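Enquirer: no letters, just coordinates:
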Ligand code: SF4
């Protein structure tokens, strides 16, 4: 059996996904280190290596704002393999806002390796356990189908592994038992607030009946005009602003090294109706606007006030029959279909970077088509919320 660093991280995020990927060849780094442990071949890797007389360090570069538990596990695995090889080395994780040295955690890693071995020796894969790791996972549709058949509690947004175990112990074994439950009892078993427990009960009802269940009346601005806005971003700080207004899609491309003209054009465009709301989904789009407002030293209070986050509105006002409240899932339930359903936000990010290098118009066409669909999906969602 071979366990490499990527497989170990996948196992940490989802046992089932790791089970399916156990025979694949995974990503490696610039520096690879191998060792055997209990008849298992381990492969660890680092992105950089410092090896001079004073200093010996292995470095993992991770594009994350802070060090996450999964990075610590990954680094601890690298340290474990180095120890097996009898080569002591400092392990450092570089993240976007700094650097962290990782202490060896050999006991944890040996426990994880044993648990991976046990899991992989099972004849069938572990049951799905939904988390943020499901985003973009190729097994997602299958996992939803399997869990739906068994009416599994993990289908409910807000129920992770820990809460599921608690609720199972308390006798809530399927979606129906939660949708019929008194929220006060759910709150007392799980230790969550009554309001959250109430949402969980509605969420279970929405899934088991495949219906939209109102929570509270959405509070949307009243206006004769409106804009629907969505941003794509590449790793190289290249931004695509997409905006749908009066039935027409418009786009603006802002490169962090050359953004001022397009930023001005964007501001001019949205100033046609200076008080019209600009609908978007989740915080990222508004943060990007704030970033460019700061870069241009402009007073942004009035501009930022126009942005209405439909994600926040949906979460406050509606329980939907979805496991995750991504725009794809939410607008998908309302019947919206993306022209290319296999193209996701991550693909747009990679494609933008590719376009920056090649200026290939077919790449840009695909990104624009995807971004336009996101903007139109926002409009569909906003209309549904207004109808409630
Ligand atoms: S969809 Fe989620 S639960 Fe299913 S395998 Fe992927 S990560 Fe695991």
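Expert: Perfect, I can see it now. Predicted, not measured: the structure shown is a model, and the values here were computed from it.
Enquirer: would you pull up the residue in the stretch 151-300 of the chain closest to the ligand?
Expert: Nearest residue of the stretch 151-300 of the chain to the ligand (Cβ to the nearest ligand atom) works out as residue 154 at 8.2 Å. Placement of C-beta: from N, CA and C, glycine included.
Enquirer: what residues does the protein put near the ligand?
Expert: Those residues of the chain that sit near the ligand, judged by Cβ under 6 Å from any ligand atom, are 14, 16, 17, 128, 129, 130, 133, 134, 137, 139, 140, 143.
Enquirer: the third one and residue 133 touch, don't they?
Expert: Yes. With contact taken as Cβ atoms under 8 Å, residue 17 and residue 133 are classed as touching, separated by 6.8 Å.
Enquirer: hey, where'd the helices end up in the stretch 1-150 of the chain?
Expert: With DSSP state H, counting those that start in this stretch applied, the stretch 1-150 of the chain shows helices at 5-13, 15-21, 69-84, 106-121, 140-149, listed in chain order.
Enquirer: residues in contact with residue 208?
Expert: Contacts here follow Cβ atoms under 8 Å, 6 or more residues apart in numbering; on that basis residue 208 touches 151, 175, 176, 179.
Enquirer: kindly report the same for residue 63.
Expert: Residues in contact with residue 63 (Cβ under 8 Å, 6+ apart) are 95, 96, 235.
Enquirer: list the buried residues for stretch 214-225?
Expert: Buried positions in stretch 214-225, judged by neighbour count with 16 or more other Cβ atoms under 10 Å: 215, 218, 220.
Enquirer: would you list the residues you listed in CSV and tack on pLDDT?
Expert: Written out in CSV, the entries for the buried residues of stretch 214-225 read as follows (pLDDT from 0 to 100):
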residue, pLDDT
215, 93
218, 93
220, 96
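Enquirer: okay, those in CSV with secondary structure next?
Expert: CSV is the format used below for these (DSSP: H, G, I helix; E, B strand; the rest coil):
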residue, secondary structure
215, coil
218, coil
220, coil
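Enquirer: please enumerate the strands of the stretch 101-250 of the chain.
Expert: 213-214, 227-233, 238-245, 248-255 (DSSP state E, counting those that start in this stretch).
Enquirer: the inter-axis angle of the third one versus strand 248-255?
Expert: This points to strand 238-245. On the basis of axes from the mean of the first three to the mean of the last three Cα atoms, to 10 degrees, strand 238-245 is oriented at 160 degrees to strand 248-255.
Enquirer: tell me how far strand 238-245 is from the chain's mean position?
Expert: Here the centre of mass of C-alpha atoms in strand 238-245, compared against the chain's by Cα atoms, centre = their mean, to the nearest Å, lies 21 Å away.
Enquirer: what is the mean pLDDT for it?
Expert: What strand 238-245 shows for mean pLDDT is 97.
Enquirer: just checking, what packs against it?
Expert: Judged by 3 or more Cβ pairs under 8 Å, 6 or more residues apart in numbering; DSSP states H and E, strand 238-245 is in contact with strand 227-233, strand 248-255, helix 260-270, helix 345-358, helix 361-387.
Enquirer: show me what the fourth one is packed against.
Expert: Identification of packing neighbours for helix 345-358 by 3+ Cβ pairs under 8 Å, 6+ apart yields strand 227-233, strand 238-245, helix 361-387.
Enquirer: flag every buried residue along it.
Expert: Of the residues in helix 345-358, those buried under the neighbour-count criterion (16+ other Cβ under 10 Å) are 345, 347, 348, 349, 351, 352, 353, 355, 356.
Enquirer: how far off centre is stretch 16-30?
Expert: Remark: stretch 16-30 is offset 20 Å from the chain centroid, using Cα atoms, centre = their mean.
Enquirer: if I read this right, residue 373 contacts residue 338, doesn't it?
Expert: Yes. Using Cβ under 8 Å, residue 373 is in contact with residue 338, at 4.6 Å.
Enquirer: out of those two, which sits in the busier spot?
Expert: Higher neighbour count among residue 373 and residue 338: residue 373, with 24 against 19, using other Cβ atoms under 10 Å.
Enquirer: list the residues that contact residue 315.
Expert: For residue 315, the residues meeting the contact criterion (Cβ under 8 Å, 6+ apart) are residue 325.
Enquirer: now it: how far from residue 29?
Expert: As for residue 315, its distance to residue 29 is 38 Å (criterion: Cβ to Cβ, to the nearest Å).
Enquirer: next: residue 252.
Expert: To residue 29, residue 252 is 37 Å away according to Cβ to Cβ.
Enquirer: could you do residue 103 as well?
Expert: From residue 103 over to residue 29 the distance is 20 Å, taken as Cβ to Cβ.
Enquirer: also residue 263?
Expert: Separation of residue 263 from residue 29 (Cβ to Cβ) stands at 38 Å.
Enquirer: ditto for residue 367
Expert: If you measure residue 367 against residue 29 using Cβ to Cβ, the figure is 29 Å.
Enquirer: try residue 306
Expert: Using Cβ to Cβ, one gets 45 Å for the distance from residue 306 to residue 29.
Enquirer: now do residue 52
Expert: Relative to residue 29, residue 52 is positioned 20 Å away (criterion: Cβ to Cβ).
Enquirer: what does residue 357 give?
Expert: Spatial separation of residue 357 from residue 29 under the definition Cβ to Cβ is 23 Å.
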